[in-house]
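# With the input below, show me the fold.
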Amino acid sequence: MTYYGSKELAASFRTVRNNTLTIAKEIPEEKYNFSPAEGTRTVAQMLAHIAVVWRMQNQIHIVEHCSDLKNFDFFGFLGPLRGEEEKPRTKDQIIDLLTKEGEKAEAMLAGMSEQLLGEIVTYPPGMTPATKSRFEMVMAIKEHEMHHRGQLMLVERLIGIKPHLTRQMEERIAQMQAAAK
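Model prediction:
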């Protein structure tokens, strides 16, 4: 019996993307060129990266249906993707990109069969682990976004914004304390 499949993964991804969209909307457009340190992505670049990087998983699992990643051209795929991340966009264009790409990623995740998710993919020689299930690999779409969203929440703090998830938690704690009195 499976308790967590493609539908649950898609719904969980949607929650993650909605939180990313909230952050993207809360950061003022004049801060989209902010970079927390030399050599790091700007807010705009990080949001664009979050929006499009899922395409690699789609390419591997759906388009090419790779079972051995030694045959996947990572650099050939990631080069153009990097150009997509660095393309100048307005805040509204980035939010639109996050929304549309999120819908596509969610649809891909929701449409993956249990059989497909259970397939094993071999990694190139020397990588650890040597294999992963497709399920583990597509979980990375959500995990990767959460990693970058954590960075964006720190950026929010640096530019004087209390992240919405922190505000929500503080509200719940205040309600619980009020109810306890």
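# Can you report phi and psi for the closest residue to Ile161 other than its chain neighbours?
Leaving aside its sequence neighbours, Ile161 sits nearest to Glu26 (Cβ to Cβ, 6 or more residues apart in numbering; 5.9 Å). C-betas here are computed from N, CA, C, even on glycine. Here is the backbone geometry of Glu26 (degrees, to the nearest 10): phi -80, psi -30.
# Ile120 now?
Given degrees, to the nearest 10, the pair of backbone angles that Ile120 has is phi -100, psi 140.
# which other helices and strands contact the helix or strand of the chain with the lowest mean pLDDT?
Ranking every helix and strand in the chain by mean pLDDT, DSSP states H and E puts helix 74-86 at the bottom, with a mean of 93. Contacts defined by 3 or more Cβ pairs under 8 Å, 6 or more residues apart in numbering; DSSP states H and E place helix 74-86 against helix 43-52, helix 54-58.
# And those: which comes nearest Val16?
With Cβ to Cβ as the criterion, Val16 lies closest to helix 43-52 of the helices and strands packed on helix 74-86, at 9.6 Å.
# Quick one: distance of stretch 3-11 to the chain centre.
The chain centroid and the centroid of stretch 3-11 are separated by 16 Å under Cα atoms, centre = their mean, to the nearest Å.
# Okay, buried residues for that stretch please.
Gly5, Ser6, Leu9, Ala10 (16 or more other Cβ atoms under 10 Å).
# Kindly report the same for stretch 13-27.
Phe13, Arg14, Val16, Arg17, Asn19, Thr20, Leu21, Ile23, Ala24, Ile27.
# what do you get for stretch 83-92?
Across stretch 83-92, burial judged by 16+ other Cβ under 10 Å covers Glu84, Glu85, Arg89, Lys91.
# what's the closest of the residues you listed to Phe72?
Nearest to Phe72 among the buried residues of stretch 83-92: Glu84, at 18.3 Å, using Cβ to Cβ.
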